[in-house]
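Colleague: A predicted structure for the sequence below; I have some questions about it.
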Amino acid sequence: MIETNSSSEDRNELAAEIGLAIMQWQDATQAYDEAVGARLGLNMAERHCIGLLHGGPQSAGAIATATGLTPAAVTALIDRLEARGLLTRTRSLEDRRKVVIEATETTRELSARYYGAIAREGEKVIATFSDAELATIRRFVTAALDLQRDQLVRLKAEAPQPR
C-alpha cells in the first residue's frame, strides 16, 4: 500500500515534475545505450547480455530469462559475442551440464570507456546529498524499480492485443 503525505498544489506540481524527469532520464539512458551499441556494433539483446554480465557470471538460462530470448537465440547471441572476444563460455565446475558466461577484460575496458565517466560524475552528484536525502532517494528508486518490474510482469501476462 502506498502512503500519501499530503495533497497540496505544490506537491502535485512537484510530483508531475519528477514524473517528467524520470521519463526524460529513461529516454536519455536509452539513447546513450543505443549510441554506445551503434559505436560497438551491438544490438539491444547483445547490450542487455553484456549488462547482465556486469553483475558477475551468468548461466545461459539466466540470460535467456532476462532477455526473453529462446535458448537457441541465446546460444547464437553468445556465439557472436564470444567470437568478438566480449565474453567467455566455460562449463560449470559444480554441474558440467551448465555453461557459465563471463565478461572478458575487453568488455570491462569498453564498459569503463563508455560508462566510467558517468559513474564518476554520478558519484560527485551523490556526494552533494545528505545521508537522509540519500536514504529517501534509495527508498524512492527501490519502490520505482519494484513498480516497474511488477508492471512488466503484468504486461507480459496479458494476452497480446490485436493489431
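Modeller: Looks like it came in fine.
Colleague: can you check my assumption that Thr90 lies in a strand?
Modeller: Yes: in this structure, Thr90 lies within a strand as judged by DSSP: H, G, I helix; E, B strand; the rest coil.
Colleague: for beta bridges, what are the partners of it?
Modeller: Using DSSP bridges, the beta-bridge partners of Thr90 come out as Val100.
Colleague: neighbours around it, how many?
Modeller: 11 (other Cβ atoms under 10 Å). Backbone N, C-alpha and C define where each C-beta goes, glycine included.
Colleague: can you pull the contacts of it?
Modeller: Residues counted as contacts of Thr90 (Cβ atoms under 8 Å, 6 or more residues apart in numbering) are 99-100, 102.
Colleague: and it, how close does it get to Ser59?
Modeller: In this structure, Thr90 and Ser59 are 11 Å apart, going by Cβ to Cβ, to the nearest Å.
Colleague: in the helix or strand harbouring Tyr114, what's buried?
Modeller: When secondary structure is defined by DSSP states H and E, Tyr114 falls within helix 105-127. Of the residues in helix 105-127, those with enough neighbours to count as buried (16 or more other Cβ atoms under 10 Å) are 107, 110-111, 114-115.
Colleague: quick check, nearest of the contacts of Thr90 to Ala16?
Modeller: The shortest approach to Ala16 among these belongs to Glu102, at 43.4 Å (Cβ to Cβ).
Colleague: what about the residue nearest the centre of the chain, helix or strand, and which?
Modeller: When Cα atoms, centre = their mean is applied to the chain, the residue found nearest the centroid is Gly51 (6.5 Å). Counting by DSSP H and E, the secondary-structure element that holds Gly51 is helix 44-54.
Colleague: next one: that helix to chain centre, how far?
Modeller: A distance of 8 Å separates the centroid of the chain from that of helix 44-54, by Cα atoms, centre = their mean, to the nearest Å.
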